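In: Fold the following.
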Amino acid sequence: MDIAGKTAVVTGAAVGIGRAIATCLGAAGASVVVADVDAEGGEETRALIGPTARFVQVDMRDDDAVRALMACRPQILVNNAGGGAVLRPCFPEASVERWTASLEVNLRAPMLTTQLAIPGMRAAGGGAVVNVGSTAGVGFGPHVSPEYSAAKAALIRFTTTLRDLDGVRVNCVVPDWVATPRGIRERTALPARERGPALIPLEAVTDAVLRCVVDESLAGRVLLLEREAEARLLN
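Out: Take a look at the predicted model:
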């Protein structure tokens, strides 16, 4: 898929992984819609990309706002908005409203944006959706935030169920702990014995997303990025 001139919506693009993905797609020629609830960070990302980008302030838990965002009919959609794994308290101590909010932004929002994107992508001759997951959703061990890990696990399975979606490719990139400014600060704050392997470079995540967008053979595939390991397809 040639992405030059294509409209690309990147959610959660004000900082960190989302900003890196948005700037990567912009550098590759896409017209990027930077979507985030953080207006200051979102405008900074837009400015980094340049005149081909625009910023839309949106709370991904607000259906009306999400519908307005998706009215641009993108040919590329990157569902990156999420998080909440480090917020306390988590399930089971958290209130229903607190853990439900995590499910809404990490799972329900990507499902809604994908549903809204499909008709326009098909009308345009095809498109690509990339969901950004987390290794928190892989495996069978405990996790500090059950609601977050459950949502990310469901996002992976949601992706694979759409492998045969006619005209639209859906993929999931699943990174381990990433070297965002926040990630670096958090790892540095840990005792040396608890830091573990080096963080995933941001470039590894952006390269994986771009690969999923342009490679038409990867429909429904899940790309796992682990620390101290080569990127590999889970399915």
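In: Please count neighbours and contacts with C-alpha atoms only from this point.
Out: OK.
In: any weak-confidence spans in this structure?
Out: 84-87, 229-231 (pLDDT under 70).
In: center of it, which residue is that?
Out: With distances taken as Cα atoms, centre = their mean, the residue of the chain nearest its centroid is residue 80 (2.0 Å).
In: didn't that residue look like it was pressed against residue 16?
Out: No. Checked against Cα atoms under 8 Å, the pair residue 80 and residue 16 is beyond contact range at 10.2 Å.
In: List the contacts of the lengthiest strand in the chain.
Out: Using DSSP state E to define each element, the chain has its longest strand at strand 168-175. For strand 168-175, contacts defined as Cα atoms under 8 Å, 6 or more residues apart in numbering pick out 118, 121-122, 126-135, 155-156, 159-160, 162-163, 200, 205, 208-209, 212, 216, 218-226.
In: Of these, which belong to strands?
Out: Checking the contacts of strand 168-175 against DSSP E, those in strands are 127, 128, 129, 130, 131, 132, 222, 223, 224, 225.
In: For the residues you listed, pick the one with the most neighbours.
Out: residue 129 (30 neighbours; other Cα atoms under 10 Å).
In: okay but that residue is in contact with residue 211, surely?
Out: No. Counting by Cα under 8 Å, residue 129 stays clear of residue 211, with 11.8 Å between them.
In: Which parts of the chain are strands?
Out: Using DSSP E, strands in the chain cover 7-11, 31-36, 54-57, 76-79, 127-132, 168-175, 222-225, 232-233.
In: so can I have JSON lines of those showing distance to residue 110?
Out: Output for the strands of the chain, formatted as JSON lines (distance: least, Cα to Cα, whole Å):
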{"stretch": "strand 7-11", "distance to residue 110": "9"}
{"stretch": "strand 31-36", "distance to residue 110": "13"}
{"stretch": "strand 54-57", "distance to residue 110": "16"}
{"stretch": "strand 76-79", "distance to residue 110": "6"}
{"stretch": "strand 127-132", "distance to residue 110": "7"}
{"stretch": "strand 168-175", "distance to residue 110": "11"}
{"stretch": "strand 222-225", "distance to residue 110": "15"}
{"stretch": "strand 232-233", "distance to residue 110": "21"}
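In: Quick one: closest of those to residue 70.
Out: strand 7-11 (8.0 Å; Cα to Cα).
In: Sheet partners, orientation included, of that closest one?
Out: strand 31-36 (parallel), strand 76-79 (parallel) (DSSP bridges).
In: May I see the ones you listed arranged in CSV, with distance to residue 112 and mean neighbour count as well?
Out: What follows is these, written out as CSV (distance: least, Cα to Cα, whole Å; neighbours: other Cα atoms under 10 Å):
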stretch, distance to residue 112, mean neighbour count
strand 31-36, 15, 28
strand 76-79, 10, 27
